[in-house]
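Sequence plus the predicted model coming up.
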Amino acid sequence: MDDRPTVEQYFMDMTHLVKSRGTCPRRQVGALVVKDKRVLTTGYNGAPRNFPHPCDTGCLRDELDIPSGMMADVCPCLHAEQNAILQAATTGVSIEGAELYCTTQPCTQCSRMIANCGIRRVVFQEEYPDPMSIGLLVTAGVELYLWDEEAKAARPYGRTNTFEDAQDALRRKWREEGPPAVGKPQVKVGVDDVARLHEGVGTDDAGPDDAVAAEVGVGEDDSGGIRDLSGDPRAAQLIRKLAAQRVARDQEAASKDDS
């Protein structure tokens with residue numbers, strides 16, 4: 001039977017079926033953990049258990065046009081690889097010495113988990129520009145393979161580097177160009193916008209977001225009305241509130257136009 005898929009093609013095809021369940025509006029990803037040619041667990045990217053799905057409620061990162069790779073903390077979703085590993089943990093399935101098939105190259109967070117749970121081999125189809133994640137897996141001794149869709153086969157990944165290599169490259173770029181934008185986005189919002197988020201500061205019904213605004217020091221900016229929140233750990237909380245207020249204002253304006 002010439003049309004019978006190989007075992008590897010069978011597994012990779014399954015990752016695309018799994019990813020169709022993903023609830024991230026930006027990108028759907030599917031993962032499969034296998035051992036001895038048997039599927040152990042599956043995972044797709046989506047919100048935590050008992051949590052509304054971003055595909056239904058909307059994506060804040062899309063709404064605020066936050067670039068890929070920046071401010072991941074404002075997104076509730078877990079990655080496909082994380083969910084596949086968590087499924088093994090919650091069902092009592094050992095994945096020591098297993099292989100992971102994934103539609104996309106694992107990120108640094110997923111790479112740490114993959115290395116630490118004993119997965120020995122990773123096959124991915126779509127590359128992701130993250131030498132840190134590659135370095136984590138290579139340094140941990142995880143074998144990396146890139147899926148060749150045309151040949152329907154996994155090829156040894158050729159663009160490898162160690163974690164030390166990635167750190168050295170970052171160290172050199174940092175010294176030559178200053179702190180890179182990736183990982184430290186310049187998140188800026190207008191002081192007036194922030195003030196509008198927290199109109200209830202100082203009242204009895206002020207919530208936790210209002211307290212955050214008071215601590216940030218609304219109205220004390222000297223940069224021409226713009227506050228840089230890139231170094232503030234509460235930036236995500238403020239931005240979520242800001243987005244909600246902007247949506248409310250847009251809806252109010254639209255209703256006035258209709259009337």
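Now that the structure is in, tell me what you want to look at.

which residues in the stretch 101-250 of the chain form strands?
Here the stretch 101-250 of the chain has its strands, by DSSP state E, counting those that start in this stretch, at 121-126, 143-148, 153-156, 188-190, 226-228.

Pick out the shakiest of those strands, pLDDT-wise.
Ranked by mean pLDDT, these bottom out at strand 188-190, with a mean of 29.

where does the stretch 51-200 of the chain dip in pLDDT?
69, 179-200 (pLDDT under 70).

in it, which spans are helices?
Ranges of helices in the stretch 51-200 of the chain, per DSSP state H, counting those that start in this stretch, are 54-57, 60-63, 80-91, 108-116, 131-139, 163-177, 191-197.

list the helices and strands the fifth one packs on?
Under the contact criterion of 3 or more CB pairs under 8 Å, 6 or more residues apart in numbering; DSSP states H and E, the helices and strands touching helix 131-139 comprise helix 108-116, strand 143-148, helix 163-177. Quick note: C-beta positions are derived from backbone N, CA and C, even for glycine.

Can you get me the centre-to-centre distance for that helix and its chain?
17 Å (CA atoms, centre = their mean, to the nearest Å).

re earlier: can you list the strands of the stretch 101-250 of the chain in TSV and add mean neighbour count and distance to residue 23?
Below are the strands of the stretch 101-250 of the chain laid out as TSV (neighbours: other CB atoms under 10 Å; distance: least, CB to CB, whole Å):
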stretch	mean neighbour count	distance to residue 23
strand 121-126	20	19
strand 143-148	17	24
strand 153-156	14	28
strand 188-190	14	28
strand 226-228	16	32
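
Quick check: which of those is nearest to residue 36?
Ranking these by proximity to residue 36 (CB to CB) places strand 121-126 first, at 12.6 Å.

what are the pairing partners of that closest one, and which direction each?
Paired neighbours of strand 121-126 in the sheet (DSSP bridges): strand 99-104 (parallel), strand 143-148 (parallel).

re the thing from before, would you mind saying which of the helices of the stretch 51-200 of the chain lies nearest residue 250?
helix 60-63 (10.7 Å).
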